[in-house]
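In: Following is a predicted model, sequence given first.
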Amino acid sequence: MKKIIINIILVITFLVLYFLQSNLFTWFKIAGVMPNLFVILVLFIGLYSNKYMGVTYGIIFGLLIDLFISKKIGITAIMLGVVGVIGTAFDKNFSKENRITLIIMVVIATFVFELGKCLILYIINRVFIDFLPFIEILLIECIYNAILTIILYPIMRNLGNKVENEYKGNKILTRYF
């Protein structure tokens, strides 16, 4: 029963983040760049839930974003699925309890998401992207996501520990041995 409630909360969180991303953060652009809250959400799911949830939610949320916003369906879904895989890999190899580590994870996930999206668009459209403006936008978005992670860290840690206890149980020591 608790897992169903957690899944409902994750879907509601996605809808709230979609509202924030499409309405509120359009007013708070830094050099024309908005944060990508979906990368943070999918990374959070990959870090704190079981092995397949990050990928599954990444693909589902990516398809919804593509249907609502994008002209090309599937690109965001692929890259958010990759972010879910990255979250699972980070969960196995790094500690989530340190704020700096989590910020570095968010920056890496944002970098991989945007770079992968750019490469897929290049393969599909064969359009060259100016390198320096892309790097500038990428750095601003990474910094913006890092700042939001600093602000949201207490909430992410508390909710994440509850999700982790429900999906993985209390297997802290067995995870490392």
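Out: Ah, there it is.
In: make it CA atoms for all contacts and neighbour counts henceforth
Out: Will do.
In: could you pull out the strands for the protein?
Out: Assigned strands in the chain: none (criterion: DSSP state E).
In: Would you point out which residue is most central in it?
Out: Val39 (2.0 Å; CA atoms, centre = their mean).
In: So that residue versus Lys2, what's the distance?
Out: Going from Val39 to Lys2 by CA to CA, to the nearest Å gives 24 Å.
In: and Ser95, what is it in contact with?
Out: By CA atoms under 8 Å, 6 or more residues apart in numbering, the contact list for Ser95 reads Thr101.
In: Distance-wise, check it relative to Lys71.
Out: For Ser95 relative to Lys71 (CA to CA), the value is 38 Å.
In: try Ala109
Out: Distance from Ala109 to Lys71, by CA to CA: 23 Å.
In: neighbour count winner among the two?
Out: Neighbours per residue (other CA atoms under 10 Å) separate Ala109 from Lys71, with Ala109 holding more: 26 against 9.
In: quick one, what contacts the closest residue to the more buried one other than its chain neighbours?
Out: Once flanking residues are discounted, Ala109 sits nearest to Val83: 5.9 Å by CA to CA, 6 or more residues apart in numbering. Neighbour list for Val83: 39, 42-43, 46, 54-55, 58, 109, 112-113 [criterion: CA under 8 Å, 6+ apart].
In: between these, which is nearest Val163?
Out: Gly46 (10.9 Å; CA to CA).
In: burial of that closest one, as a residue count?
Out: Counted by other CA under 10 Å, the residues lying close to Gly46 total 28.
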